[in-house]
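K.L.:
my questions are about this predicted structure, shown below with the sequence.
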Amino acid sequence: MSGVEEDGQGRRGSLHTPICDLFGVRYPIVQTGMGWVSGPRLTAATSEAGALGILAAATMTFGELEAAIGEVKSRTSKPFGVNLRGDQVDVPERVELMIREGVRVASFAGAPSKAVIPRLKEAGLVVMPTIGAQRHAEKMVEWGVDAVIAQGHEGGGHTGPVATTLLLPSVCRAVSIPVLGAGGFKDGRGLVAALAWGASGIAMGTRFLLTQESTVPDEVKALYLKASVTDTVVSSSIDGYPQRVIRTALVEALEKAGPLSRFPKAALNALRLSRLTETGVPELIREGLSMRKSQQLTWAQLAMAANAPMLTKASMVDGRPEAGILPTGQVVGLIDTLPTVAQVIGEIVAEAEETLARLGAMAGAREGA
């Protein structure tokens, strides 16, 4: 893997933070592992532009993941990560694949299994889960992770109840490992704000979803661009967990439906998801038992847990938003362009450097007064 990038003259720049050294990247910016969205093209484009791209593997079969890692490596020689779900039954096999292929970062949507952390660290991978509460960050530090993404309530998809403005500074004060802020970030001023709160950088999903390299169908991207900051809702009716999505007729119907009417559809989606990911019934049962044990879920909640990936696929892959959901951060209401990934990162870096210079000039003026 490449070492930390510099500016061509041996300088690291004003935005160099500990996360840059940890990941081996030039800029403290991460593209999150969005299921059905963060494929090889988007991941590689992000890493090639100097940030960290993360491949979303939770919705991939093992064979698909193997092929996707190979494609990312064919597109870029820069470091990248792979996002896993900690309760997948084949996590150990996926971990060994990542080690063999030289993946730099193992990202987890939530807490990883405590048992896989030593193996990943022993092989030199950076372990980075996403958390939504200070106590979760503290627990992950005890388990030995290298960094955390602290995602606030503004974030897209599954999200917690605490706003980024409160969560991020509290986590940064509580732990000594690098922290990335997520939820509500899209530009350079946001990056500087995160650094001011003590973070080592920012992680973004929605901003990268709305780029030219994102493979989300154009007609679906158009719906995102039309959304305002008040057009999202956090619903627990999709899979039993709070999830921020764009408010649509389908979401409204799910919100109004009772548990008895939602459950049969959720159970059917569980079977569809198992076929799509080539998971046999015995494996599905084993994974369900694992989730029940680790997350204390009922069987009804387990069935509902299949709703999110299948409904997301309907929109993000099949281009059928009327039959699916549109996970998004609240920041979607402030995005109205579809630039390239390189343009997004370049604009964030330029604005952040300008903001730091302006603040430095203000501080200098006060000292000279």
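P.N.:
Good, I have the coordinates. Numbers count the residues shown, from 1 in each chain.
K.L.:
break this structure into its domains for me.
P.N.:
18-215+339-368, 218-330 (automatic domain parsing).
K.L.:
of the ones you listed, which stretch is the most buried?
P.N.:
Highest mean neighbour count of the domains of the chain: domain 18-215+339-368, a mean of 21 (counted as mean count of other Cβ atoms under 10 Å). For the C-beta atoms, the positions are set from N, CA and C on the backbone; glycine is no exception.
K.L.:
how long is it from one end to the other?
P.N.:
32 Å (Cα to Cα, to the nearest Å).
K.L.:
check stretch 81-98 too.
P.N.:
Between the opening and closing residues of stretch 81-98 there is a gap of 9 Å (Cα to Cα).
K.L.:
next one: stretch 314-332
P.N.:
For stretch 314-332, the end-to-end distance is 20 Å (Cα to Cα).
K.L.:
now swap in stretch 82-99 and tell me
P.N.:
Note: stretch 82-99 ends 11 Å apart using Cα to Cα.
K.L.:
start the count at 234, not 1, going forward
P.N.:
Understood, numbering begins at 234; the last thing we discussed is stretch 315-332.
K.L.:
shaky segments in the stretch 484-602 of the chain?
P.N.:
By pLDDT under 70, the low-scoring segments of the stretch 484-602 of the chain are 491-541, 602.
K.L.:
the same query, at a cut-off of 50, please.
P.N.:
Counting by pLDDT under 50, the stretch 484-602 of the chain shows low-confidence ranges at 506, 510, 512, 524-525.
K.L.:
need the strands for it, in chain order.
P.N.:
Per DSSP state E, counting those that start in this stretch, the stretch 484-602 of the chain has no strands. Nothing in it meets that criterion.
K.L.:
mean confidence for the helix or strand residue 369 falls within?
P.N.:
Residue 369 is part of helix 367-376 when elements are defined by DSSP states H and E. For helix 367-376, the mean per-residue pLDDT is 98.
K.L.:
pull the distance from the longest helix anywhere in the chain to the chain's centre.
P.N.:
Ranked by residue count and defined by DSSP state H, the top helix of the chain is helix 574-601. Here helix 574-601 is found 26 Å from its chain centre; the criterion is Cα atoms, centre = their mean, to the nearest Å.
K.L.:
same check on stretch 341-349?
P.N.:
With Cα atoms, centre = their mean as the basis, stretch 341-349 stands 15 Å off its chain's centre.
K.L.:
tell me which residues are up against the helix holding residue 369.
P.N.:
Under the criterion Cβ atoms under 8 Å, 6 or more residues apart in numbering, residues 344, 347, 350, 362, 364, 381, 383, 400, 403-404, 407-410, 412 lie in contact with helix 367-376.
K.L.:
same thing but at 7 Å, please
P.N.:
Residues outside helix 367-376 that contact it (Cβ atoms under 7 Å, 6 or more residues apart in numbering): 344, 347, 350, 362, 364, 381, 383, 403-404, 407-408, 410.
K.L.:
can I get that helix as PDB, trimmed to CA atoms?
P.N.:
Coordinates of each C-alpha in helix 367-376 appear next as PDB, following Å, rounded to 0.1, in the frame of the first residue of the first chain:
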ATOM      1  CA  GLN A 367     -20.200   7.900  24.000                       C
ATOM      2  CA  ARG A 368     -20.400   4.700  26.000                       C
ATOM      3  CA  HIS A 369     -20.200   2.700  22.800                       C
ATOM      4  CA  ALA A 370     -17.000   4.500  21.800                       C
ATOM      5  CA  GLU A 371     -15.500   3.800  25.200                       C
ATOM      6  CA  LYS A 372     -16.400   0.100  24.900                       C
ATOM      7  CA  MET A 373     -14.800  -0.100  21.500                       C
ATOM      8  CA  VAL A 374     -11.600   1.400  22.900                       C
ATOM      9  CA  GLU A 375     -11.600  -1.300  25.600                       C
ATOM     10  CA  TRP A 376     -11.800  -3.900  22.900                       C
END
